[in-house]
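Asks: show me the folded form of this:
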Amino acid sequence: MQKTNYLRQLGANRTISYSILILLTFLGVVVPAWHFEQTQLITPLILGVIAAALAESDDSFFGRLKALLLTFICFAIAAFSIELLFKTPILFAIGLFVSTFGFIMLGSIGPRYASIAFGSLLIAIYAMLGAHESTNIWFQPLLLLAGAAWYYLLSMIWQIIWPMQPVQQSLSNVFITLADYLELKSDLFHPKSNLDPQPFRILEAKLNANTVSSLNGCKATLLHRSKHGHIDGPSDRFLNVYFLAQDIHERVSSSHYRYQDLANQFERSDILFRFKHLLQEQAKACRKIANSIALGQTYTHNDDSILSLDELQQSLAFLTEQNNPQWRQSISQLSYLFNNLAMVEKQLSNVSNPDTHHIEEERQLDDTSVHTPKTMWSRIRSNLNPSSMLFRHAIRMSIALTLGYAIIQTFDIERGYWILLTTLFVCQPNYSATKQKLKDRVIGTVAGLLIGGMLLTLFPSQESQLAFIILSGVMFFAFRINNYSYATGFITLLVLFCFNQLGEGYAVILPRLGDTLVGCALAVLAVTYILPDWQSSKLHRVMASSMSANRNYLAQIIGQYRVGKKDSLSYRIARREAHNQDAALSVAISNMLVEPGRYRSATDESFRFLTLNHALLSYISALGAHRTRIEDESTHKLIFDAHNVIHQHLQILHEQLFNHSAACDLSSLYNQGIEARLKEWREDDDESVKMVLQQLHLIYIMLPELHSLASKFAVRVDKSDNEK
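Replies: Below you'll find the predicted structure:
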């Protein structure tokens, strides 16, 4: 039994299961070529496998068949174009520029097409590496396509055997990121004197971005198995768990009070430690759920977190019985938090049997993918302007690759097409990602060449080197996403051993290193000087979008306090967009910090804005987590008035940030006395009413500092722009 569970654990691990597929693919190439003494075929076949694997994206069986057809068309065009134009440099350069631009713009249709476009550029460069040895126009392209076909055949068989594995793995990853988020939240409940919440808020925003990314990835995986957002069949049970995870995320991301005030109020009590312990137990439950989903097992909720919840309730009741007037308001906040975590506990316990009683709209996913040629062209056309990041990247990459080709022709570099290969991998849409890729690429290449040179000496036999080809290829894909420097080192080993089969192993070491350095230099120059995307120049638009998304999310929530809770598609779209924009702001600021100092601006203001924006989203999320119908009309009037003022503030903030406006007239909004009305709720109001008014008050008192930051940001950025 233990052995069976161990094997299931290995199979459920995404890296291990994918590595097994790659291992079988490489064995299917190397072993027959070795057996029939055709080792010269190994290199183009393996390059075809690598290009195919890098171009592949998750999809349903029939969706993958359609994607494969387009992939082979693009691969064939790329490979045969190289053979046709290779001996005419002028036409080759023009073709390289046009095809690079065209393939990258193809990615505007969607992620699947972006993967195909990258694979097509890769297969084109792989064709360049061996074009000078081609005996005819057919030989090398057919070998590259044969390698790709062999990989896709095994990949399709793999999907037939384990069709739900991608869904299980992506949903498992959602609960892993939720566990990380809960563990960070637990740190905020350490009753520390003079608690500074800003570092926690910044880290929380980063972990929230990770959770949002995993939720979006899971949604995409489910959408691939849907029909215009409607899911039936085997994926249906995972859809219910996905919706449950969304609800947990909304509750986990919510904030009911200022943590520093709670820490000061209860620094001599155990109540905050009990909240901390409960959050840690719920994080453990999320990890157990993730493991159960990955293994395809039924999750059984244990009693640890239930016991922690019960003990917390007793502790809260004890504090209430003390009837300390100084604690009255704070205990109310703790009660809201307790109710929220009690609902999280209920959701966790229902993972194996999630509520399926939803109306159809509440079970529909927002399908933004394109399905017709007309909408595909519309997507491409909308990106054909300099304001589009994809358009700028397409121009940048086209110029960089064409310049690389010009260097190869000018200096007659025999293996110079590795320059283009390096540029393709290293040059990313922004400076931060390019810098990281460059560092990993150089470290990996140098390490791979040093180790490879020694291994060529220590293992001169053909069989041992073929084994290293297989091993290094598998390890490249195992580390490709999580550690690119390791992946680069292993692919460098693969290249050395492949070329050694042609008698050129040692001869390619220095050219590989030199070409890598030239390719990296081209990538950095391109991202720095060709239509650069400095984060500081567009950060104000990201901030404006976050304000707009928060405004729409709040509007969706407030409406449901009159009609009752409803997880409609429009509500879920607004919620996801608010979290997406919060994640985008966190990423944009992190990227700006990596850029050269002269291109940064208003760093302190940006960090403070990120902190406040995430706090704002957390307060709004608490309103969303506690949605319920409120009957009292006078309360509705107050909620409506307060929301109307906050809505106008957020709209002005959006315009202020988007237009870089340093000044705005807010006197009419501040003269309505909303703050005083929100603070003076009645003792006989029910808890839901108090909670709504409290959260609106927390949001309202943040607005002046947000306006001040927006003004300072505009002044600092304008000053920085003038200095540049």
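Asks: thought L502 was touching T43?
Replies: Yes - here L502 reaches T43: they are 7.1 Å apart, a contact under Cβ atoms under 8 Å. From N, CA and C alone the C-beta is placed, and that goes for glycine too.
Asks: of these two, which one has the most company?
Replies: Neighbours were counted for L502 and for T43 using other Cβ atoms under 10 Å; T43 has more, 25 against 15.
Asks: and the gap between that one and H277?
Replies: 58 Å (Cβ to Cβ, to the nearest Å).
Asks: just the mean pLDDT for stretch 188-204, thanks.
Replies: Within the predicted structure, the mean pLDDT of stretch 188-204 is 76.
Asks: distance from that stretch to the middle of the chain?
Replies: Computed by Cα atoms, centre = their mean, to the nearest Å, the chain-centroid distance of stretch 188-204 equals 25 Å.
Asks: pull the residues that contact that stretch.
Replies: 181, 184-185, 187, 258-260, 262-264, 266-267, 269, 272-273, 275-276, 279, 586, 607-608, 610-611, 614-615 (Cβ atoms under 8 Å, 6 or more residues apart in numbering).
Asks: report the buried members of the residues you listed.
Replies: 181, 184-185, 259, 262-263, 266, 272-273, 275-276, 279, 586, 607-608, 610-611, 614-615 (16 or more other Cβ atoms under 10 Å).
Asks: host element of F497?
Replies: Applying DSSP states H and E as the criterion places F497 in helix 484-500.
Asks: need the CA coordinates for that helix. PDB is fine.
Replies: Extracted in PDB, the C-alpha atoms of helix 484-500 (Å, rounded to 0.1, in the frame of the first residue of the first chain):
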ATOM      1  CA  TYR A 484      16.100  28.900 -15.600                       C
ATOM      2  CA  SER A 485      19.900  29.000 -14.800                       C
ATOM      3  CA  TYR A 486      19.900  25.300 -14.100                       C
ATOM      4  CA  ALA A 487      17.800  24.700 -17.200                       C
ATOM      5  CA  THR A 488      20.300  26.700 -19.300                       C
ATOM      6  CA  GLY A 489      23.100  24.600 -17.900                       C
ATOM      7  CA  PHE A 490      21.500  21.300 -18.900                       C
ATOM      8  CA  ILE A 491      20.500  22.500 -22.400                       C
ATOM      9  CA  THR A 492      24.100  23.600 -22.900                       C
ATOM     10  CA  LEU A 493      25.200  20.000 -21.900                       C
ATOM     11  CA  LEU A 494      22.700  18.600 -24.400                       C
ATOM     12  CA  VAL A 495      24.100  20.900 -27.200                       C
ATOM     13  CA  LEU A 496      27.700  19.900 -26.500                       C
ATOM     14  CA  PHE A 497      26.900  16.100 -26.500                       C
ATOM     15  CA  CYS A 498      24.700  16.500 -29.600                       C
ATOM     16  CA  PHE A 499      27.500  18.300 -31.600                       C
ATOM     17  CA  ASN A 500      30.000  15.800 -30.300                       C
END
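Asks: quick check: mean pLDDT across the next helix or strand after it?
Replies: The helix or strand immediately downstream of helix 484-500 is helix 509-529, counting by DSSP H and E. With pLDDT averaged residue by residue, helix 509-529 scores 94.
Asks: export helix 509-529 as CSV, just CAs?
Replies: C-alpha atoms of helix 509-529 as CSV (Å, rounded to 0.1, in the frame of the first residue of the first chain):
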residue,chain,number,x,y,z
ILE,A,509,32.6,25.5,-26.5
LEU,A,510,34.1,28.9,-27.1
PRO,A,511,31.7,29.8,-30.0
ARG,A,512,28.7,28.9,-27.7
LEU,A,513,30.1,31.2,-25.0
GLY,A,514,30.9,34.1,-27.3
ASP,A,515,27.5,33.8,-29.1
THR,A,516,25.7,33.7,-25.8
LEU,A,517,27.4,37.0,-24.6
VAL,A,518,26.6,38.7,-27.9
GLY,A,519,23.0,37.5,-27.9
CYS,A,520,22.6,38.8,-24.3
ALA,A,521,24.1,42.1,-25.2
LEU,A,522,21.6,42.5,-28.1
ALA,A,523,18.7,41.6,-25.8
VAL,A,524,19.7,44.2,-23.2
LEU,A,525,20.3,46.9,-25.8
ALA,A,526,17.0,46.2,-27.5
VAL,A,527,14.9,46.3,-24.3
THR,A,528,16.7,49.5,-23.2
TYR,A,529,16.7,51.6,-26.4
